[in-house]
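> Below are the sequence and a predicted model; questions follow.
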Amino acid sequence: MESLALAVTILVSPAMFGGPIALLLSLFRPDQMSGFRRIFILVLALPSSVIGIFLIIENISRGSTTVGALGLSTGLGALWQLKRHRRQTP
């Protein structure tokens, strides 16, 4: 049972925490964004979006669908902000 709980935690954590953290990092002083911060945002936002899609499609429960929607929307929002500020800064 402990291994099942660990597997669920590993699957749900990037969607629950990675997307919102990536979105906050992309919104905080976007004009002073370094290359390391861009890569860190990508590392957090891409798995959050992919796992969010997985949780929505699998339709396990309402809670997992909600966490998946949170991960997907914040992950895509962070990627959108990253792309938008990439164009504005030289």
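Cool, got the structure. Residues are numbered from 1 along each chain as shown.

> what's stretch 45-58 in contact with?
If you take C-beta atoms under 8 Å, 6 or more residues apart in numbering as the criterion, stretch 45-58 is touched by 11-12, 14-15, 18-19, 22-23, 26, 64-65, 67-76, 78-79, 82. (Glycine included, C-beta is placed from N, CA and C.)

> what does stretch 61-73 give?
Stretch 61-73 is contacted from outside by 12, 14-16, 18-20, 48-49, 51-56, 58-59, using C-beta under 8 Å, 6+ apart.

> Just the element for the residue nearest to the spatial centre of the chain, please.
The residue lying closest to the centre of the chain (C-alpha atoms, centre = their mean) is residue 19, at 2.4 Å. Here residue 19, judged by DSSP states H and E, is contained in helix 19-27.

> average pLDDT across that helix?
For helix 19-27, the mean pLDDT works out to 85.

> Go through the helix or strand just after that helix and flag the buried ones.
Toward the C-terminal end, the helix or strand that comes next after helix 19-27 (DSSP H and E) is helix 35-58. Neighbour-count burial for helix 35-58, counted by 16 or more other C-beta atoms under 10 Å, picks out 37, 41, 44-49, 51-56.
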